[in-house]
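Undergrad: Requesting a structural model of the entry that follows:
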Amino acid sequence: KAHPEMIQCDGYVWEGGHREKGGPAEITMGVKGLLYVELHAKVSEKDAHSMYAAIMPSAVWHLVEALNTLRDKTGKILIDGFYDGIQPISQAELDALKTDVFSEEDTRKNILGIENFINDEHGEDLLKRLYYQPTCNICGLVSGYIDPGQKTVLPAKAGVKIDFRLVPDQNPEEIAASLRKYLDDNGFADVQLKVTAAAPAFRSDPHSPFARAVVNALRGLYGEEPALHYSMDGTSPMHVFCKEQNIPAAMFGATSDRSLIHAPNEHLTISSYIEDIKIIAAVMNQMALED
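TA: Predicted structure coming up:
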């Protein structure tokens, strides 16, 4: 913010980008936003013997009861005003789903290791949920005694970390304020709320000269149409760098879902590394041609 001249550019190449073996190159032009919070419940200064559970409030149950009000079993978020202002999915966004290379079976069995997706959804409904719907996710819940063996304890406090993935027109600060009010109105005013991260969603202009150069470069490199994503299902701080000056951004490359992103053994194969070099060179050459 202090040096806007340092980021003036025709386009922003964001890290990441997929090209699965045998599939088209993928270009992602936006990201979901993020609100990361911690909730803490506390009933006393120290843990108690669980024999007092008959007469003493439980920090853990209190926090679990609060969490149970935030979302229903279908994934719908119940915070008042959470969905206010969200625009309907556009026809262009729906059309982009037709080029998506998402494999339901491979993702379900090999990447996630689950039997069914939420609500057993498939096809376009599944992709709309993945790319265009906000989420409320419990990242971790900690309280009391969790080591091997037994300890009959009534914990004095409990804490949880939650991330909300947000879509355009959702303001993280406003969502945090809505969450605070919702907790207060539903009997959880004593539950402490701490915001630890916030970033709005961002969508680039898919018709910008930069986006056109990226599409043309990958089309020429592989001899087929690339798959265009208006938004990825995750978050990066595109908004911080790109929003104020309306800089178009794109994620593209040769990473695979099997690269185990964010896992301890996250990796990139040598062949993908070489492919990334070819892709970047093709985009740079195309930008020179279109200039």
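Undergrad: Mind jotting down where the strands sit in this protein?
TA: Ranges of strands in the chain, per DSSP state E, are 12-14, 26-28, 30-31, 33-42, 48-49, 135-143, 153-154, 157-166, 192-199, 202-203, 227-229, 249-252.
Undergrad: among those, which is the most enclosed?
TA: Among those, strand 30-31 has the highest mean neighbour count (mean count of other C-beta atoms under 10 Å), at a mean of 27. Where C-beta positions appear, they are placed from N, C-alpha and C, glycine not excepted.
Undergrad: Parallel or antiparallel, which strands does that strand pair with?
TA: Here strand 30-31 has these sheet partners by DSSP bridges: strand 202-203 (antiparallel).
Undergrad: and the strand it pairs with, how far out from the chain's middle?
TA: Distance, stretch centre to chain centre, for strand 202-203: 13 Å (C-alpha atoms, centre = their mean, to the nearest Å).
Undergrad: you'd agree Tyr165 is up against Thr135?
TA: One correction, residue 165 is Arg, not Tyr. Yes: between Arg165 and Thr135 there is a contact under C-beta atoms under 8 Å: 4.3 Å.
Undergrad: Can you redo the strands of the chain as a markdown table, where the extra columns are mean pLDDT and distance to Leu289?
TA: Below are the strands of the chain laid out as a markdown table (pLDDT from 0 to 100; distance: least, C-beta to C-beta, whole Å):
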| stretch | mean pLDDT | distance to Leu289 |
| --- | --- | --- |
| strand 12-14 | 90 | 17 |
| strand 26-28 | 93 | 18 |
| strand 30-31 | 94 | 25 |
| strand 33-42 | 98 | 35 |
| strand 48-49 | 96 | 72 |
| strand 135-143 | 96 | 40 |
| strand 153-154 | 96 | 68 |
| strand 157-166 | 98 | 37 |
| strand 192-199 | 97 | 34 |
| strand 202-203 | 93 | 26 |
| strand 227-229 | 91 | 20 |
| strand 249-252 | 94 | 17 |
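Undergrad: can you list those in CSV and add distance to Thr235?
TA: Shown next, in CSV, are the strands of the chain (distance: least, C-beta to C-beta, whole Å):
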stretch, distance to Thr235
strand 12-14, 12
strand 26-28, 12
strand 30-31, 5
strand 33-42, 4
strand 48-49, 40
strand 135-143, 11
strand 153-154, 37
strand 157-166, 6
strand 192-199, 6
strand 202-203, 9
strand 227-229, 14
strand 249-252, 12
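Undergrad: So for Asp100, which of the ones you listed sits nearest?
TA: strand 227-229 (6.0 Å; C-beta to C-beta).
Undergrad: residues in contact with the closest one?
TA: The contact list for strand 227-229 (C-beta atoms under 8 Å, 6 or more residues apart in numbering) reads 23-30, 96, 99-101, 131, 206, 215.
Undergrad: Equivalent analysis for stretch 259-270, please.
TA: Contacts to stretch 259-270, defined as C-beta under 8 Å, 6+ apart, come from residues Thr255, Ser256, Ser272, Asp276.
Undergrad: and it, which residues are buried?
TA: For stretch 259-270, a neighbour-count test (16 or more other C-beta atoms under 10 Å) marks Ser259 as buried.
Undergrad: I'd like the distance from stretch 83-100 to the chain centre, please.
TA: In terms of C-alpha atoms, centre = their mean, the centre of stretch 83-100 is set 16 Å apart from its chain centre.
Undergrad: Go through that stretch and flag the buried ones.
TA: Along stretch 83-100, these residues count as buried under the neighbour rule (16+ other C-beta under 10 Å): Glu93, Ala96, Leu97.
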